[in-house]
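[1] Just a sequence and a predicted model for now, questions to come.
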Amino acid sequence: MSDASETSRPGLDFIRTQVKLDNESGKHDGRVFTRFPPEPNGYLHIGHAKSICLNFGIAAENQGHCNLRFDDTNPCKEEDEYVESIREDVKWLGFDWGENEFFTSSYFDQLFAWAVKLIEDGNVYVCDLQGDDVRKGRGTLTEPGTNSPYRDRSVAENLDLFQRMRAGEFPDGTRTLRAKIDMASPNMNMRDPMIYRILHAHHHRTGDAWCIYPMYDFAHGQSDSIEGITHSLCTLEFEDHRPLYDWFVEKLGIFAPQQMEFARLNLNYTVLSKRKLLQLVEGNLVNGWDDPRMPTISGLRRRGYPPDAIREFCEAVGVAKADSTVDMAWLQHFVRQHLNKTAPRYMAVLNPLKVIIENFPEGQVDRMEAVNNPEDPDAGTREVAFSKVIYIERDDFMEDAPKKFFRLSVGREVRLRYAYFVNCTEVIKDANGEITELRCTYDPASKGGNSPDGRKVKATLHWASADHAVDATVRLYDHLFSVENPNKVKDGQEWTDTINPDSLQILEGCKLEPALAELAPGERVQFERLGYFCADNKDHSAGTPTFNRTVTLRDAWAKEQKKMEA
Ligand code: ATP
Ligand code: MG
């Protein structure tokens, strides 16, 4: 999927190609400094992971470094909780910024000094227009704007007013500092954009030291410059801001980073806008930022997605110039591939139906040898206890079974994984006709699940021994939205109306192999036949075993690929 632009070198995307060209021409003396610049106004999501992998990846490939910069210019929306979560998520994804952690708010003094310099050079002015008048003055995409009546204030007056803005003399929104560029520019960003605003608000790091704050556009490029960022990688929506960033850097005569823009990652069946994710959290439409249905890094972690799988996915998606939406099934494909190799197998019965093996001796416990991971010869084996009373999955039994139903039914023999062949003899029901219990017989000669005489069975079921199993809570997940693109809804519909009401299913009283209770929170396993699961990183303990299904075993993406190849 990587960009096919003519300038790309074989095997390299257009950004890596440019970096290589710069290294060859000695543009930055071979330095490659990048940065990942989140605004701490929410938790990171899978889209950010793409940017993180790209920025840290390019730095590492070129023996450079990648800064973690918190772009904290908007005091109203930013919080330390978000700073903490961002650090945790970047680390968990496997990247290390070392000493290179910065905050745009640390540059407030420098940015202020630069604003003063721009005033002195006649490049910016204090404007008293407010609200609607500013908007009207900007014009439209088809009509030029009009010059502000304050545009030609003297340097002295501008300096005086700007200092007094800083000193707190004026209420919020009454004055702004604007760049004096071109009200007729076809690029709206160049029509005398606001660079400072009055805002009497407490900042998560600078407290009440400031009542004027630089706009993001005034801070971003200069922050890159201060940090000596050679390659400033942004998403496409900043392409039209680049001329403005270049204008500031040129007027200030400071180091000019090179900005390049790539397409955002979009995924189907979810939303990747921090504003919308915040709305889900604040409206209690999900259970917090780390709800396993969320596309946040913390949600994916809690769901059981391995960081390696997320990195591999980001690499496969690649960087391109054209926007596209990636299939969630493709991300899950990487998760499955990774877990198939690494996750130990266990047996768990999610919807238990009691089975009594009538001819199995009372009190006897057979220790069956089970393979921990058929994909990993080093993973070895373990013992699983088998006894007279066991549980099987309710839907592995059918009373009046059609011919094609190969699992358990009266008179139909199946294999219990690693244990024995069993045959159902009787169905026990309660007064409502609900099946409460099955009676079976077993063939002692089939120990280990091996056929004693070459006779075949059509199904192998997983099971749990009643005396040994632990009770657990298991949560199953489906897409958070029931439509592919929740950002595009029908007239009269809200995007939140498309939330999938069945996206979370909580099962209690599931019967698990006892070893599963001892797993550490966050450990990932396979429940045979049911999928990959992860011990919940908040609620799981030996006393309250709690598992989240990461993915099912069925790889829809790989299946689709095969069909396309055929
Ligand atoms: P918002 O959702 O409010 O637009 P944002 O997602 O752009 O915010 P930032 O904190 O500004 O949030 O993002 C930090 C970095 O991550 C930026 O460089 C941004 O370009 C990049 N980024 C954000 N979303 C994506 C995405 N979906 N795909 C790739 N990169 C992204
Ligand atoms: Mg942004």
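    Thanks, I have it. Ligands and ions are numbered 1, 2, ... in the order given.
[2] any idea how this structure splits into domains?
    For the chain, the structural domains run 4-262, 274-344+474-565, 348-462, going by automatic domain parsing.
[3] Out of these, which gets nearest to ligand 1?
    domain 4-262 (2.2 Å; C-beta to the nearest ligand atom). Bear in mind the C-beta positions are built from the backbone N, C-alpha and C, glycine included.
[4] and the closest one, is it in reach of ligand 1?
    Yes - using C-beta under 6 Å from any ligand atom, we find that domain 4-262 touches ligand 1 at 37-39, 47-48, 50-51, 234-235.
[5] Return the members of the residues you listed classed as buried.
    Burial by neighbour count, 16 or more other C-beta atoms under 10 Å: within the residues of domain 4-262 next to ligand 1 this picks out 37-39, 47-48, 50-51, 234.
[6] just checking, what packs against the lowest-mean-pLDDT helix or strand in the chain?
    Using mean pLDDT, DSSP states H and E, the weakest-scoring helix or strand in the chain turns out to be helix 556-565, at a mean of 87. On a contact count with 3 or more C-beta pairs under 8 Å, 6 or more residues apart in numbering; DSSP states H and E, helix 556-565 meets helix 328-342.
[7] what element comes up after the helix it packs on heading to the C-terminus?
    strand 345-346 (DSSP states H and E).
[8] That next one pairs with which strands?
    Within its sheet, and counting by DSSP bridges, strand 345-346 is paired with strand 524-527 (parallel).
[9] C-alpha coordinates for the partner strand, CSV please?
    Once non-C-alpha atoms are left out, strand 524-527 reads as follows in CSV (Å, rounded to 0.1, in the frame of the first residue of the first chain):
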residue,chain,number,x,y,z
ARG,A,524,-2.7,-13.9,26.7
VAL,A,525,-3.9,-17.4,26.0
GLN,A,526,-5.9,-19.4,23.5
PHE,A,527,-9.1,-21.1,24.7
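[10] Identify all contacting residues around the next helix or strand after that strand.
    Sequence-wise, the next helix or strand downstream of strand 524-527 (DSSP H and E) is strand 531-535. Residues outside strand 531-535 that contact it (C-beta atoms under 8 Å, 6 or more residues apart in numbering) are 302-304, 335-336, 339, 343, 348, 474, 516, 519-527, 545-553.
[11] Let me know the angle separating strand 531-535 from helix 328-342.
    Angle, strand 531-535 to helix 328-342, by axes from the mean of the first three to the mean of the last three C-alpha atoms, to 10 degrees: 80 degrees.
[12] And strand 531-535, how far out from the chain middle?
    18 Å (C-alpha atoms, centre = their mean, to the nearest Å).
[13] Direction included, what does it pair up with?
    Paired strands of strand 531-535, with direction, are strand 524-527 (antiparallel), strand 546-551 (antiparallel) (DSSP bridges).
[14] Now the longest one: average pLDDT?
    If I follow you right, that is strand 546-551. Strand 546-551 shows a mean pLDDT of 98.
[15] Next, residue 367: phi, psi?
    phi -100, psi 110 (degrees, to the nearest 10).
[16] Any buried residues in the one helix or strand residue 224 maps to, and which?
    Taking DSSP H and E as the definition, residue 224 sits inside helix 216-226. Buried residues in helix 216-226, counted by 16+ other C-beta under 10 Å: 216-226.
[17] and the following helix or strand past it, C-alpha only, in CSV?
    Proceeding N to C from helix 216-226, the next assigned helix or strand is strand 231-235, under DSSP H and E. Extracted in CSV, the C-alpha atoms of strand 231-235 (Å, rounded to 0.1, in the frame of the first residue of the first chain):
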residue,chain,number,x,y,z
HIS,A,231,11.9,15.9,9.3
SER,A,232,8.6,17.0,10.7
LEU,A,233,6.0,14.4,9.7
CYS,A,234,2.4,15.5,9.9
THR,A,235,-0.9,14.2,8.7
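[18] tell me the angle of strand 231-235 relative to helix 216-226?
    Inter-element angle recorded for strand 231-235 and helix 216-226: 150 degrees (by the same axes, to 10 degrees).
[19] Please list the outside residues in contact with strand 231-235.
    15, 18-19, 22, 32-35, 51, 54-55, 58, 221, 224, 257-264.
[20] in the following helix or strand past it, what's buried?
    Remark: after strand 231-235, the chain's next helix or strand is helix 242-252, criterion DSSP H and E. Neighbour counts using 16+ other C-beta under 10 Å place 242, 244-245, 247-249, 251-252 of helix 242-252 among the buried residues.
[21] are any of the contacts of strand 531-535 buried, and which?
    For the contacts of strand 531-535, a burial check counting by 16+ other C-beta under 10 Å picks out 302-304, 335-336, 339, 343, 348, 474, 516, 519, 523-527, 545-552.
[22] Okay, and which of the buried ones among the residues of domain 4-262 next to ligand 1 map to helices?
    47-48, 50-51 (DSSP state H).
[23] is it possible to export those residues to TSV including pLDDT?
    Formatted as TSV, these follow (pLDDT from 0 to 100):
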residue	pLDDT
47	97
48	98
50	97
51	98
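[24] from these, which is closest to residue 478?
    Nearest to residue 478 among those: residue 47, at 21.1 Å, using C-beta to C-beta.
[25] quick one, the helix holding residue 224 and helix 242-252 angle?
    60 degrees.
[26] For helix 216-226, enumerate the helices and strands it packs against.
    helix 108-120, strand 194-198, helix 242-252.
[27] ok, now how distant is residue 271 from residue 555?
    Applying C-beta to C-beta, to the nearest Å, the value for residue 271 to residue 555 is 24 Å.
[28] out of these two, which sits in the more crowded spot?
    residue 271 (23 against 18; other C-beta atoms under 10 Å).
[29] Now that one: closest residue in space that isn't a chain neighbour?
    In space, and not counting its chain neighbours, residue 271 is closest to residue 486: 5.5 Å by C-beta to C-beta, 6 or more residues apart in numbering.
[30] list the contacts for the one you found?
    Residue 486 touches 269-271, 495, 498-499, counting by C-beta under 8 Å, 6+ apart.
[31] Can you pull out the low-pLDDT segments for the protein?
    Low-confidence segments of the chain (pLDDT under 70): 1-7.
[32] What lies in contact with the least confident helix or strand of the chain?
    Contacts of helix 556-565 (C-beta under 8 Å, 6+ apart): 327, 329-330, 332-333.
[33] Go through it and flag the buried ones.
    Neighbour-count burial for helix 556-565 [16+ other C-beta under 10 Å]: residue 557.
[34] Make 376 the first number, not 1, from now on.
    Sure thing, new numbering starts at 376, so read that last one as helix 931-940.
[35] Between the two ends of stretch 656-675, what distance do you get?
    15 Å (C-alpha to C-alpha, to the nearest Å).
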